[in-house]
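Colleague: Provided below are the primary sequence and the corresponding predicted coordinates.
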Amino acid sequence: MGCRSSGSTSAREKLHCAWLRDAARRQVRPKSVANTADGHAALLAWATRVTGAAAAELHVVLEATGVYHEAAATFLHDAGCHVSVVNPLQVKRFAESLGVRTKTDRHDGLILALFGDARRPAAWTPPPGEIRQLKALLGRLAALEQDFARELNRLETARAEPAPDAVLVSLQTMLDVLAAEIARLRRQIDDHLDSHPELKEQRALLESIPGIGAKLSLWFLALFRSRTFASARQAAAFLGLVPVEFQSGSSVLKRPRLSKAGDARWRARLFLPAMVAARWNPLVRAQYQRLLAAGKSKMSALGAAMRKLVHIAFGVLKHHKPFDPNVAA
């Protein structure tokens, strides 16, 4: 069974699903439910009724749509279903391979069901409660920091115009409120880590890596504790940091670029730390200089630096040891 929540604001409140009755004929039975606790329960009851199967026999494939799939995925997992959460880009490429161009909620459910039947994606398990809380706090903090940056830009523009004093006071008031809430959230995150010594220890390991500071260490912690990666390369591929080559015979040859298949926000988070690591992290610096000497562009070398940071972070957590350039090399 394939399920997804739509991209539009109103449709985020619904899950559009399809039970694959006959893969060869592409026959499905669609079902839409509210993306709420009651809706999830109704979906499970419907699925067990129409299929005649127990929850443990159901394979449900959900498309990762921001955070909107997580509650349904967790409910179905806890109910005993085999749940898979898949990358939307993989599903899109699969649909293209089938020659499907139609884009509707009904067709999306069909494609997800066919994808699950053909590819048998790996089972998904929800991250521990302390990691879910950490991710939620980090997400809220990131949103407030963006709001603070926007208000600060507005204040600078208002001063340059210049704007009336009432506008300047309003902008400064908002900045003060946002700054106070950002500080409170940061303290709350620190308190959360203090109450989970293992997370605090792992954060310290990550911060031993030159180029990874207090903020990035938290995001790495949330990433590696909420997903299981078989290798560092798999983690880099998940973030869209693996180079992709374009070549066809001897006539078509393009410069390799990052796949960008993962979350663009992650590449934004890694960009500045990679620049710092290219200067201060001996392993990253050696790779960066070697690539420049080989004629690679600075952006290409920085992409490799971003990927190297992911590899080093993965290794530090895997071996539970602080960064050591001699061991890592």
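Modeller: That came through, no problem.

Colleague: Tell me how far Pro127 lies from Arg290.
Modeller: 37 Å (Cβ to Cβ, to the nearest Å). All C-beta atoms are positioned from the backbone trio N, CA, C, and that covers glycine.

Colleague: Neighbour count for these two, which is higher?
Modeller: Pro127 (18 against 12; other Cβ atoms under 10 Å).

Colleague: Could you name the specific helix or strand carrying that one?
Modeller: Secondary structure from DSSP states H and E places Pro127 outside every helix and strand.

Colleague: Nearest spatial neighbour of it, chain-adjacent residues omitted?
Modeller: Counting by Cβ to Cβ, 6 or more residues apart in numbering, Pro127 lies nearest to Ser226, which is 3.6 Å off, once chain neighbours are set aside.

Colleague: I'd assumed Thr125 was in contact with the one you found.
Modeller: No - counting by Cβ atoms under 8 Å, Ser226 stays clear of Thr125, with 9.7 Å between them.

Colleague: thinking again about what came up before, which pLDDT value does the model give the residue nearest to Pro127?
Modeller: Per-residue pLDDT puts Ser226 at 88.

Colleague: and it, how far is that from Leu175?
Modeller: For Ser226, the distance to Leu175 - Cβ to Cβ - is 32 Å.

Colleague: Arg267 too?
Modeller: From Arg267 to Leu175 the distance is 28 Å (Cβ to Cβ).

Colleague: Gln27 now?
Modeller: In terms of Cβ to Cβ, Gln27 sits 57 Å off from Leu175.

Colleague: quick one: which of the two has more around it?
Modeller: Neighbour count, other Cβ under 10 Å: between Gln27 and Leu175, Leu175 has more, with 16 against 12.

Colleague: quick one: what helix or strand has the closest residue to that one other than its chain neighbours in it?
Modeller: Nearest in space to Leu175, with sequence neighbours left out and distances taken as Cβ to Cβ, 6+ apart, is Glu151 at 5.3 Å. Take DSSP H and E as the rule and Glu151 turns out to sit in helix 129-160.

Colleague: For that helix, buried residues please.
Modeller: 131-132, 134-135, 137-138, 141, 144, 147-148, 151, 154-155, 158 (16 or more other Cβ atoms under 10 Å).

Colleague: for that helix, packing partners?
Modeller: helix 165-194, helix 214-226 (3 or more Cβ pairs under 8 Å, 6 or more residues apart in numbering; DSSP states H and E).

Colleague: Just the angle for it relative to helix 214-226, thanks.
Modeller: Interaxial angle, helix 129-160 versus helix 214-226 (axes from the mean of the first three to the mean of the last three Cα atoms, to 10 degrees): 150 degrees.
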